[in-house]
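Participant: Got a predicted structure here, sequence first:
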Amino acid sequence: MSPRVRVRRRVPVRSKWRTVLPFAAFAFFLAAWTWELLAENPVPPEVSALIPNEWKFWLAKGLHVVGYAFLTGLAALLPVPRLYFWLAVALLALHGVATEIGQTFVNGRHGSVRDVLLDWAGVGIGLGAVWVVKRSRRDPYAWD
């Protein structure tokens, strides 16, 4: 009778950077976005002078949509279970409300229900983009 040899299986260890980097990126961009949304003068006067007046409104509102869509995409990269992803999405939706309330306390700024709706539209667009990317990765021939 031969002795039984026990072979240890090596479990792949996930790199710390692959775990930490998505959280750091999400936290950094969320903090930077919060800072700008609550700033008294978010666009420096030198930059503002270069933007035509008729574009300023549309660029400002477009930034709401793009900013929240980007943050939703970053949330999808977090290495967390699906439930926590949806909690991050809820956090972004509440963040839109909270920053608009916070703007009412900043000189020269005001909160707007329209901006909250634009924030939520950005989250929705981000969710749509995440869905398209995940679907295309599952089925490489989805677009044929």
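Facilitator: Cool, got the structure. Residues are numbered from 1 along each chain as shown.
Participant: Figure out the helix or strand that residue 111 lives in.
Facilitator: Of the helices and strands defined by DSSP states H and E, none includes residue 111.
Participant: isn't it right next to residue 103, touching?
Facilitator: Yes. If you go by C-beta atoms under 8 Å, residue 111 and residue 103 touch, sitting 4.7 Å apart. In short, each C-beta sits where N, CA and C put it, glycine included.
Participant: Show the model's pLDDT score for residue 9.
Facilitator: Residue 9 is assigned 64 on the pLDDT scale.
Participant: Pull out the buried positions in the longest helix along the chain.
Facilitator: Across the chain, the longest stretch assigned as helix under DSSP state H is helix 113-138. Residues of helix 113-138 classed as buried by neighbour count (16 or more other C-beta atoms under 10 Å): 115-116, 118-127, 130.
Participant: List the residues that contact the most centrally placed residue in the chain.
Facilitator: Closest residue to the average C-alpha location of the chain: residue 71 at 0.8 Å, with C-alpha atoms, centre = their mean. Remark: with contacts taken as C-beta atoms under 8 Å, 6 or more residues apart in numbering, residue 71 is in contact with 26, 29-30, 33, 92, 122-123, 126.
Participant: do the same with residue 57
Facilitator: Applying C-beta under 8 Å, 6+ apart, no residues qualify as near residue 57.
Participant: what angle do the helix or strand harbouring it and helix 113-138 make?
Facilitator: Element membership of residue 57 [criterion: DSSP H and E] is helix 53-76. Angle of helix 53-76 versus helix 113-138, following axes from the mean of the first three to the mean of the last three C-alpha atoms, to 10 degrees, is 50 degrees.
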